[in-house]
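Trainee: Any chance you could fold what I've pasted below:
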Amino acid sequence: MGLLRSRSAHFPPGNLWTLCFTRNIVSYDVLRCVKYEVFYQLGGMRTISVIRFLVLCVVLKLGVLSVRANSPSITRLSFVGSNYVFVGFSPQTTNWVALEGSEDLRTWNAVADVASTNSPTFFIERLTSPSECRFYRLRVPGTTVDDARAKWPTNTNLSYQFDLTSVDYWGSVLTGTVTVTAGQKVITNAQAGGQPIAQPDPASFPSVEELFGALSSAQQTGCRQVWAVYNPVLGYPTECFIDQRVSAPPAGGGQAFHYILSGFRVNGS
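Mentor: As a prediction, this is how the structure comes out:
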């Protein structure tokens, strides 16, 4: 309650669920925060206003309860080491859910868009800078693959290049440079575990268009977990994870890949 006394907490409308953590992992859910705001706002109000206010809060709480039953909900927050935060949640949908983060409840930034046909799921965020308090919320609908793909240039003369890192379930690492010119893909500087690959498999080094297709297919056909972080301007995935394992880990680690795209260069957009 002391946290809410020292900050102006405004919960935006919509299908949202908000949690906060501090360094000692203190968390609040929406209903508890609403309750705290009620008691914080009662001071100085006349009796008739207090009664009306309490009735309104009861209605609001019942409304939140009814939404909560069919809405995405954050179920767990915990530190993983010193620079990572584990956010566990139940999507309650097979569509995309946006995970957003804030340090002041005023400015919210996209963390990732997550889908799962095997609820519940999770996301692990890497903190790039220390923060005394960080808030998370879920928003539906999230950014779909089609939303992101709509930002990607469709010029037939488009050429682009990026450095790709691919990690499979077993931790095997592939790196290489992907160059696409007028729809033709070329792989250079390919390495596996730091050792050069003479003839890299093009399928192991997907283009942006192929990543869009893989993300869309995983979400539509079924997945343990799939998530993506998109470039806000051009829409391409800067990082994504696709896990379509059914039960036990597959031989060779297939069906579960983590892709990281860096050093992006685009011409002809």
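Trainee: quick one: low-confidence parts of the chain?
Mentor: For the chain, applying pLDDT under 70 flags the ranges 1-70, 118, 130, 246-254, 268-269.
Trainee: Got the domain ranges for it?
Mentor: Taking automatic domain parsing as the criterion, the chain consists of the domains 2-142, 146-267.
Trainee: Now stretch 201-212: buried residues?
Mentor: The neighbour-count check on stretch 201-212 (16 or more other C-beta atoms under 10 Å) flags 204-208, 211-212 as buried. C-beta: built from backbone N, CA, C; applies to glycine.
Trainee: would you turn the residues you listed into TSV with secondary structure and distance to Cys223?
Mentor: Converted to TSV, the buried residues of stretch 201-212 look like this (DSSP: H, G, I helix; E, B strand; the rest coil; distance: C-beta to C-beta, whole Å):
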residue	secondary structure	distance to Cys223
Ser204	helix	19
Phe205	coil	21
Pro206	coil	16
Ser207	coil	21
Val208	helix	20
Leu211	helix	14
Phe212	helix	15
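Trainee: possible to save the residues you listed as a markdown table with distance to Gly263?
Mentor: Putting these into a markdown table (distance: C-beta to C-beta, whole Å) gives the following:
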| residue | distance to Gly263 |
| --- | --- |
| Ser204 | 18 |
| Phe205 | 14 |
| Pro206 | 16 |
| Ser207 | 15 |
| Val208 | 14 |
| Leu211 | 16 |
| Phe212 | 19 |
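Trainee: Specify which member of those residues is nearest to Ser71.
Mentor: Closest approach to Ser71 among the buried residues of stretch 201-212 (C-beta to C-beta): Phe212, at 27.7 Å.
Trainee: those strands in this structure, which residues are they?
Mentor: Remark: strands assigned in the chain by DSSP state E are 18-22, 73-80, 84-90, 97-102, 109-115, 121-126, 133-139, 159-168, 173-181, 184-192, 195-196, 225-230, 237-243, 256-267.
Trainee: Next, the angle strand 237-243 makes with the last one.
Mentor: Taking axes from the mean of the first three to the mean of the last three C-alpha atoms, to 10 degrees, one finds strand 256-267 and strand 237-243 inclined to each other by 160 degrees.
Trainee: ditto for the third one
Mentor: Per the same axes, to 10 degrees, the angle that strand 84-90 makes with strand 237-243 is 60 degrees.
Trainee: partners of strand 84-90, with directions?
Mentor: strand 73-80 (antiparallel), strand 121-126 (antiparallel) (DSSP bridges).
Trainee: outside of the shortest one, which residues touch it?
Mentor: Outside strand 121-126, the residues within contact range by C-beta atoms under 8 Å, 6 or more residues apart in numbering are 76, 80, 83-91, 99, 101, 111-112, 114, 224-225, 227.
Trainee: What residues sit buried inside it?
Mentor: Using 16+ other C-beta under 10 Å as the test for burial, strand 121-126 gives 121-123, 125.
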